[in-house]
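Here is a sequence together with a model predicted from it:
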Amino acid sequence: MKNFAKQKSKTHMNEELKQSLSDIKRSMIALMKNVWSVKDLALVLEISESRVRHMASEQVIPTYKQNGSLYFKREEIEAWQTRNRTASKDEINSQASTICATRRIK
C-alpha cells in the first residue's frame with residue numbers, strides 16, 4: 001500500500017512539474033513577442049482572458065482588432081502600465097528646492 005501511495009505522489013509531482021514547465025515556456029514565448037493576443041496578455045498581466053476582453057471593450061487598454069481577434073502592442077501596454085507614475089520623495093524635495101531657489105532670485 002505504501003508503494004502505491006508513493007507512486008501516486010510521484011506521478012502527481014511529475015504532472016505538476018510538467019505543468020510548471022509548460023507555463024514557463026508559454027511565458028517566455030509571450031515575452032519575446034512584440035504583439036500579444038488576448039491569451040498572451042492575460043498571461044503577462046496575470047489576469048483572466050475574459051478580463052482582458054472586458055478591458056479592451058471598455059477601452060481601458062490600447063487595442064487593435066483584426067478579423068475579429070484582439071491584439072495588443074507590447075510597447076503600448078508597457079506605457080499604459082507605467083502611465084501614472086508617483087514621484088519619489090527625493091524628486092519632490094529636489095523640485096521644491098529648485099522652486100524655492102528660483103523664487104528667491106527674482
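Received it, and whenever you're ready, just let me know what you need. Numbering: from 1, shown residues only.

how close does Q81 get to R74?
Distance, Q81 to R74, by CB to CB, to the nearest Å: 11 Å. (Each C-beta comes from the backbone N, C-alpha and C, glycine too.)

Pick out whichever of these two has more residues nearby.
R74 (17 against 11; other CB atoms under 10 Å).

wait, the more buried one sits on N34?
Yes - using CB atoms under 8 Å, R74 is in contact with N34, at 5.2 Å.

so where's the chain shaky on pLDDT?
For the chain, the stretches with pLDDT under 70 are 1-8, 105-106.

what's the nearest residue to S48 if we skip its chain neighbours?
Excluding its sequence neighbours, the residue lying closest to S48 (CB to CB, 6 or more residues apart in numbering) is A42, at 6.0 Å.

Work out for me the element the one you found sits within.
A42 belongs to helix 38-45 when elements are defined using DSSP states H and E.

Noted, bye for now.
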